[in-house]
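**Q** sequence isn't available, so here's the structure alone:
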């Protein structure tokens, strides 16, 4: 019974293959990761984010350095400090570290939200360009996520060039 099913399946595939040869499919592939890395709008979005968040990032790095220096100083001075002074400075450090962790978390949340907004804008523009290429060049199928794609079907550069041209 299993042999009959295999024979029927093979015949169906052969018939489908013959039909496919009569009308060849036009398939394209776009490497979305590469588009988001190389296209001018993606680079502009990255620069915009760096300008928007650079100052806060530097402030956080400075705060981390100050915390580290204060912690090192406390560790060095601890043997000569009175118990009350050592406890007070430890509490101050814990409070400063808590404030630093909160600010770092807020920074990361804000940055992630803005990255997602900027990324969504670039993806939307890229999808419009892909749709234009699909319509103009009469593609039957354009894929973005694949395991393997040969250079013959890779239209990523065409999409990047169209995005860079502002289409």
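**A** Right, received. Where do you want to start? Predicted, not measured: the structure shown is a model, and the values here were computed from it.
**Q** for the rest of this, base every contact and every neighbour count on C-alpha atoms.
**A** Noted.
**Q** what is the host helix or strand of residue 55 packed up against?
**A** Using DSSP states H and E, residue 55 sits in helix 40-77. In terms of contacts (3 or more Cα pairs under 8 Å, 6 or more residues apart in numbering; DSSP states H and E), helix 40-77 is packed against helix 32-38, helix 83-136, helix 156-164.
**Q** check contacts around residue 130.
**A** Taking Cα atoms under 8 Å, 6 or more residues apart in numbering as the criterion, residue 130 is in contact with residue 159.
**Q** next one: it from residue 111, what distance?
**A** 28 Å (Cα to Cα, to the nearest Å).
**Q** hang on, the earlier thing: give me the buried positions along the helix holding residue 55.
**A** The neighbour-count check on helix 40-77 (16 or more other Cα atoms under 10 Å) flags 40-42, 45-46, 53, 57, 60, 63-64, 67, 70-71, 74 as buried.
**Q** of the helices and strands packed on helix 40-77, flag the one that's most buried.
**A** Neighbour counts (mean count of other Cα atoms under 10 Å) averaged over each of these peak at helix 156-164, with a mean of 19.
**Q** now the angle from it to helix 40-77?
**A** 90 degrees (axes from the mean of the first three to the mean of the last three Cα atoms, to 10 degrees).
**Q** tilt between helix 156-164 and helix 83-136?
**A** What separates the directions of helix 156-164 and helix 83-136 is an angle of 100 degrees, with the same axes, to 10 degrees.
**Q** and helix 156-164, how far out from the chain's middle?
**A** 18 Å (Cα atoms, centre = their mean, to the nearest Å).
**Q** isn't residue 35 up against residue 161?
**A** No. Here residue 35 lies out of contact with residue 161, judged by Cα atoms under 8 Å, at a distance of 9.7 Å.
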